[in-house]
Every structure is written in C-alpha cells, then in structure tokens.
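Participant: curious how this folds, go ahead:
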Amino acid sequence: MMSSVYLIHPCQTSARISEMTDSRLHSVLFVGFTATLVALPLAFGSTRPMYAWPFQVALQLLSIGAAWMFLVRARIIPASVRRAALPLGLLAIFLLMQMLLILVLKRSIDLNASQYQLLQTWCLVQVFGLTLLLVDSSQRLKWLITALILSGTFQAVYGTLMTVTGTDYIWNQPKEAYQGVATGTFVNRNHLAGYLEMTLALGLGLLVANLETNQQRTWRQQLRSWINTLLGEKARVRICLALMVIGLILTQSRMGNTAFFASMAIAGGLGLFLFRGSSRGVIILFTSLLIIDIFLMGTFFGIDKLQARIEKTSIETEQRLIVNRLSLQGVKDHAWFGTGLGTWYTSFPQYRNDAIIGQYRHAHSDLIQFPSELGVIGMLPLVLLVIHSLIHAIRVQVSRRSQFMRAMGFASTMGITAILIHSISDFNLQVFANASTFMVLLALPYLAGTLDRQPSNRSLASSTHE
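Facilitator: This is a model prediction of the structure:
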C-alpha cells in the first residue's frame, strides 16, 4: 500500500505563522481598545489630567501597535477607513491648524492650557481612527456596542444605588456637588446623563437590529415574536435599557432627559420612514419604552422631581444662562480664530460680572465654548465632520439591506443628535470619557456602511447579510 506524503513549503509555514501572529495582535489591540473605552468613565469621567493620563498613554500604545500592524506588516486597510477619507482629512486639517497656531505661532492666551487640550484632541482623533481600524467585522462591532451598553448600565446602576441609599460618595471620595442625585462615577450629573444618552442610543440600535421584518404573519406568530422580545434573548438588552432610563431620570438633568427623548423622537421618526418593513416593530419598541420605563418605573424613581425641576426653571435666574450670555461677547471679540484651544477658563474672567457667583471651568454650552476657543476658522472642520457623519448615518439606513447595519445607522443618528441637543446647555464634549464615546458614534456610520459587504471569516451569524 502506497501512502501519499504532502510536504508543506517552509515559506507557506512562515506565512501562516505570520498571519496568526497578526490576527492575535489585532485581537489584543481590539480588546485593549474596548477596555479603554469602558474604563474611561470610571476615573471620574477622566475630567482632569491626573485621571486621564493613563488612558492617553494606553491610546498611544494602541496606536503604535495598529501602525506597526498596518504599515510594517502591511495588513489590508479596512474599507471603512477609505469610506471615512473625508472625515479623516478634516480631522487632519484641524490638528495641523491647531499645531500651527499653538506650537508655531503661539496664538493662544494660555499656551499651557492649549498644549494640553491639543494632546487631548490628538487622543480623540486616535479614538476615531482606532475604531475604524480595529473594528473589522460585524461581530467585533457588536462586541464593542455590547461593551458600551454594559458600561452605561453599570453607570446607571451605580448612580441609582448611590441615590436610593443616600450614599454621596464616588468610590471612596465624598461628592463635592450634586448630592442626592445620580452621577455614577462622573463628577457632574449632566455628564452621566450625556453618557447614558449615547449608550441608550446604542442599546436601542441593538434592539432595532432584532426587529422582525416579515409582515406576512399570523396573529399567533406575531404574539410569539412579542413574547420572545419580552422574555427571550432580547430581554437582556431590554433590562439594560430600563436600568439606564432609571439612571437618566435620577440624574434629574433637565436637558439630559429632554435631549434623550427629543433625539429618540427624531431618530425614531426617520426610522419609521427609512426602515422598510419594520415600521410596526419600531412603533411597538418606542411605545413600550415610553409606557413601561417612563410612566411606570419613573413613578417610583423620581420623574415627579424631574418634572418639578423643569417647571421651576427660570431663564432670568439660571446662572449658567448668564454665563453663556456673557461668553457670547468673547465669541464676538475673537470671531475668526478664537482665544485658543482650551482657554475659555482663562478668557471668561474679563467678561464676568457681579451676577456670577463661584468659579466656572467651562461654559455651560459646547455650542458656545467651541466657537469661543476656536473661532469660525477652527470650527469649520469639526462642523463638517459632524454633518458628514450624520448624513452618512442616514444614508446607511437607506442603502444597506442588513438589518444590523441599518440599526447601527439609527443608533449613530440618535446618539449624535442627543449630544448636539444637550450641548445647548452643557459641556459633555469637554469631558474626555464622553468625547471619546462621541467619536465612536461619529465613526459608527462608516463601519455600518462597509462591514460585511464582502464575505468575512468573522461574520456575525445572527445578523442579516447582504
């Protein structure tokens, strides 16, 4: 009996080992990146340099690893990076412009603050780029989304327990402000609200991804589908959403709650129009969220207090509105280039008056602080970036046949819209944890527009492929 002997060429063996090494490195980088995003809110939202620097170092190491893998090892650049060429170009223009103004021309009223903010901006650009580079399959996209949902759920539960037990501590440190309301591991309740707005949008997107698209069903099939939604695997996501809504209500953040429901109405309205064959499921999902979470759970967790706080709001007496109104004078005085990146705290004292009590580190509006620091010229690339991402998120909901990818377009639309609305009266984008999560939302449409258009070894079995 003759036996056949197959010899493997040494070059083939070397190529396989190299491919396995690259794959393992890619997985390690993805896990490290996801862990970094989840850990960012834990250190008081990474609001101060002493809390943010470990994560900034982690982002540098992850970027070096990704550069080595894609440039030195010549791994194929994902299609999402090519799709996001314009946003990446806008971010590069913005960074180069700020480097020129701050490092070369010294055009800033506080160079130290501008240099630190430039470093933080570089890290945020890295978050955007790493999202595009490391999330190369729908399975990894789902893992990333799930991790952020779990992070939001933890923040909501932590804040809820803190409130109902009367424990005004963040970890082992007493809270300096916002006693009696949920802040999670953030210093400011509005920052927890902003974070929950984004993770709630991702959770709703994950539920929308699992909506039934077949409308030709008997009433028994429909009943079975609804029961599965309430009691099956989807129930875990639904429970997370309920916990996050409770946490959002307990923040008693007026604009945070307003932004969440307004963005859900806007994104949901678009979804009803754009999601072919799923409009009934979208209506049922949003109706259940409103009825179960707000009118039932909210009754037990303080929605009446939130309502009373909204009713007592007075435009004339709101200190933050006075701060914002005075800050507008700074925007007018430095309309083209601003006072310098990260310099609002330095520039505001020359405009404040006796009506302002206490110190303010930020304008209580991103829509005022950014123009104040950057001017029209500096704002232009960022405005174009957000507009382009939103347009692409809507386009994904129209062009993709994959229910999962269209749902990610919905989640991005809702999350971006929520933060833009909330930015009218708060400064979530000045908080490193929230700004990083926002960069993921901006990158999400480019992933949803390209992933799984071609067969992938790591394709998501549960999603509907094209």
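Participant: so what's Leu274 closest to, chain neighbours aside?
Facilitator: Once flanking residues are discounted, Leu274 sits nearest to Gln397: 4.3 Å by Cβ to Cβ, 6 or more residues apart in numbering. Quick note: C-beta positions are derived from backbone N, CA and C, even for glycine.
Participant: that neighbour contacts Phe410, correct?
Facilitator: Yes. Between Gln397 and Phe410 a contact is recorded at 6.0 Å, counting by Cβ atoms under 8 Å.
Participant: thinking again about what came up before, the helix or strand containing the residue nearest to Leu274: what's the following helix or strand?
Facilitator: According to DSSP states H and E, Gln397 maps onto helix 366-399. Later in the chain than helix 366-399, the nearest helix or strand by DSSP H and E is helix 403-422.
Participant: tell me the angle of that following helix relative to helix 366-399?
Facilitator: 160 degrees (axes from the mean of the first three to the mean of the last three Cα atoms, to 10 degrees).
Participant: all strands of this protein, in order?
Facilitator: For the chain, the strands defined by DSSP state E occupy 169-170, 173-174.
Participant: need the ones you listed in CSV (columns: mean neighbour count, distance to His388 and mean pLDDT).
Facilitator: Converted to CSV, the strands of the chain look like this (neighbours: other Cβ atoms under 10 Å; distance: least, Cβ to Cβ, whole Å; pLDDT from 0 to 100):
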stretch, mean neighbour count, distance to His388, mean pLDDT
strand 169-170, 15, 37, 90
strand 173-174, 9, 41, 90
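Participant: measure Leu444 to Ala407 for me?
Facilitator: 11 Å (Cβ to Cβ, to the nearest Å).
Participant: these two: which has the busier surroundings?
Facilitator: Higher neighbour count among Leu444 and Ala407: Leu444, with 31 against 28, using other Cβ atoms under 10 Å.
Participant: what about the nearest residue in space to the more buried one that is not next to it in sequence, how many residues close to it?
Facilitator: In space, and not counting its chain neighbours, Leu444 is closest to Ser412: 4.2 Å by Cβ to Cβ, 6+ apart. The local packing of Ser412 (other Cβ under 10 Å) involves 31 other residues.
Participant: for Leu59, see how far away Ser412 is.
Facilitator: As judged by Cβ to Cβ, Ser412 and Leu59 stand 22 Å apart.
Participant: and Phe44, by the same measure?
Facilitator: Using Cβ to Cβ, we find Phe44 at a distance of 18 Å from Leu59.
Participant: same question for Tyr360.
Facilitator: From Tyr360 across to Leu59, the span is 29 Å (Cβ to Cβ).
Participant: check the closest residue to Val125 other than its chain neighbours and give its pLDDT.
Facilitator: Nearest non-adjacent residue to Val125, counting by Cβ to Cβ, 6+ apart: Leu91, 4.9 Å away. Confidence at Leu91, expressed as pLDDT, is 97.
Participant: any stretches of the stretch 151-300 of the chain with poor pLDDT?
Facilitator: Applying pLDDT under 70 to the stretch 151-300 of the chain flags residues 212-219, 221-222, 225-233, 275-300.
Participant: show the backbone phi and psi for Ile77.
Facilitator: Backbone torsions of Ile77, given as degrees, to the nearest 10, read phi -70, psi 130.
Participant: you'd agree it is up against Phe70?
Facilitator: Yes. Applying Cβ under 8 Å, one finds Ile77 in contact with Phe70, separated by 6.1 Å.
Participant: comparing those two, which residue is more hemmed in?
Facilitator: Taking other Cβ under 10 Å, Ile77 and Phe70 do not tie; Phe70 has more neighbours (17 against 13).
Participant: that one and Ile64 touch, don't they?
Facilitator: No. In this structure, Phe70 is not within contact of Ile64 by Cβ under 8 Å, at 11.3 Å.
Participant: next, count neighbours for Ala35.
Facilitator: Neighbours around Ala35, by other Cβ under 10 Å: 12.
Participant: ok, it to Ala74 distance?
Facilitator: Distance of Ala35 to Ala74, computed by Cβ to Cβ: 27 Å.
Participant: just give me the neighbour total for Phe337.
Facilitator: 17.
Participant: for it, which non-adjacent residue is closest in space?
Facilitator: Closest residue in space to Phe337, ignoring its immediate chain neighbours: Gly375 at 4.3 Å, by Cβ to Cβ, 6+ apart.
Participant: same question, Gln350
Facilitator: That would be Gly330: by Cβ to Cβ, 6+ apart, it lies 8.0 Å from Gln350.
Participant: need the pLDDT of that neighbour.
Facilitator: 89.
Participant: what sits against it?
Facilitator: 339, 344, 347-348, 350-351, 372 (Cβ atoms under 8 Å, 6 or more residues apart in numbering).
Participant: for Ser347, see how far away it is.
Facilitator: Distance from Gly330 to Ser347, by Cβ to Cβ: 5 Å.
Participant: give me the common contacts of these two.
Facilitator: With Cβ under 8 Å, 6+ apart as the test, Gly330 and Ser347 both reach 339, 372.
Participant: can you report how many residues lie near Arg453?
Facilitator: Arg453 is flanked by 13 other residues according to other Cβ under 10 Å.
Participant: before we move on, back to that, my read: the residue nearest to Val125 touches Val127, true?
Facilitator: No. At 10.7 Å, Leu91 does not count as touching Val127 under the criterion of Cβ under 8 Å.
Participant: how far off centre is stretch 373-388?
Facilitator: 18 Å (Cα atoms, centre = their mean, to the nearest Å).
Participant: buried sites along it?
Facilitator: Burial within stretch 373-388, assessed by neighbour count using 16 or more other Cβ atoms under 10 Å, is assigned to 373-375, 378-379, 381-382, 384-386, 388.
Participant: of all the residues you listed, which comes closest to Phe427?
Facilitator: Glu373 (11.6 Å; Cβ to Cβ).
Participant: can you count the residues close to Gly449?
Facilitator: For Gly449, using other Cβ under 10 Å, the count is 21.
Participant: who touches it in this structure?
Facilitator: Counting by Cβ under 8 Å, 6+ apart, Gly449 makes contact with 80, 83, 392, 395-396, 399-400, 405, 409.
Participant: so how far is Phe273 from the spatially closest residue to Arg320 that is not a sequence neighbour?
Facilitator: Excluding its sequence neighbours, the residue lying closest to Arg320 (Cβ to Cβ, 6+ apart) is His364, at 3.6 Å. His364 sits 34 Å away from Phe273, going by Cβ to Cβ.
Participant: also Ala443?
Facilitator: The value you get for Ala443 to Phe273, if Cβ to Cβ is used, is 25 Å.
Participant: who's more crowded, the two?
Facilitator: More neighbours surround Ala443 than the other of Ala443 and Phe273, with 25 against 12 (other Cβ under 10 Å).
Participant: which pLDDT value belongs to that one?
Facilitator: 98.
Participant: distance of the nearest residue to it once chain neighbours are set aside from Ser27?
Facilitator: Of all residues not flanking Ala443 in the chain, Thr131 sits nearest, at 4.0 Å (Cβ to Cβ, 6+ apart). Counting by Cβ to Cβ, the separation of Thr131 from Ser27 is 16 Å.
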